[in-house]
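**Q** What shape does this take:
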Amino acid sequence: MSDTSPLPAVTIEKRGSALIATVNAKMLDEKELKQLSAVLDQASADANVALIVVDLSRVQLVPSLGLGLLLRMSQKCEARKQGLTLAALSPQVRKMISITKLDRILKLSDTVETALAEQA
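**A** Below is the predicted model of the structure:
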């Protein structure tokens, strides 16, 4: 079986009061960022969503535009009293976030499961 059917840029899964957004791309570029932003805006309408976990396990590169948008997403979630955790970051993406000192602002988790457990 070939793996030619493209995955959507962002897939969503709901687990309890958590929403898991998985980015299905090697680079977090404008297309993925727009979809991720739309997902967060939809989540804001659901009062039952207390935590949004962004699974970045497939992402290898986050350009500066992406870092800025992740920061804005975090601020939006904070204003709505929702948690936002970035999970399963590759070493390259984690290093980028660390170099820019965004790891002091953004919540990071090693895995999606860890992020969910920290919420409980």
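**Q** C-alpha from now on. contacts and neighbour counts both.
**A** Noted.
**Q** Show me what the residue most central in space within the chain is bridged to.
**A** Closest residue to the average C-alpha location of the chain: Val54 at 2.2 Å, with CA atoms, centre = their mean. Beta bridges link Val54 to Ala21, Leu86, judged by DSSP bridges.
**Q** who touches it in this structure?
**A** Each residue near Val54 by CA atoms under 8 Å, 6 or more residues apart in numbering is listed here: Ile20, Ala21, Thr22, Val23, Leu84, Thr85, Leu86, Ala87.
**Q** now swap in Thr111 and tell me
**A** Residues in contact with Thr111, defined by CA under 8 Å, 6+ apart, are Asp55, Ala87, Ala88.
**Q** any idea which of those is the one closest to Gln119?
**A** The nearest member of the contacts of Thr111 to Gln119, counting by CA to CA, is Ala87 at 13.0 Å.
**Q** I'd like to know which of the contacts of Thr111 is nearest to Leu116.
**A** Closest approach to Leu116 among the contacts of Thr111 (CA to CA): Ala87, at 9.8 Å.
**Q** from what I can see Gln60 touches Met96, true?
**A** No: Gln60 lies out of contact with Met96 (CA atoms under 8 Å); the separation is 10.3 Å.
**Q** contacting residues around the worst-scoring helix or strand of the chain on mean pLDDT?
**A** Ranked by mean pLDDT, DSSP states H and E, the weakest helix or strand in the chain is helix 30-44, scoring a mean of 82. Residues from elsewhere that reach helix 30-44, judged by CA under 8 Å, 6+ apart: 9-10, 19, 21, 23, 25, 49, 52, 66, 69, 73, 77, 80.
**Q** Could you rerun that using 6 Å?
**A** Ala9 (CA atoms under 6 Å, 6 or more residues apart in numbering).
**Q** Next, the buried residues of that helix.
**A** Neighbour counts over helix 30-44 (16 or more other CA atoms under 10 Å) mark Glu32, Leu33, Gln35, Leu36, Val39, Leu40, Ala43, Ser44 as buried.
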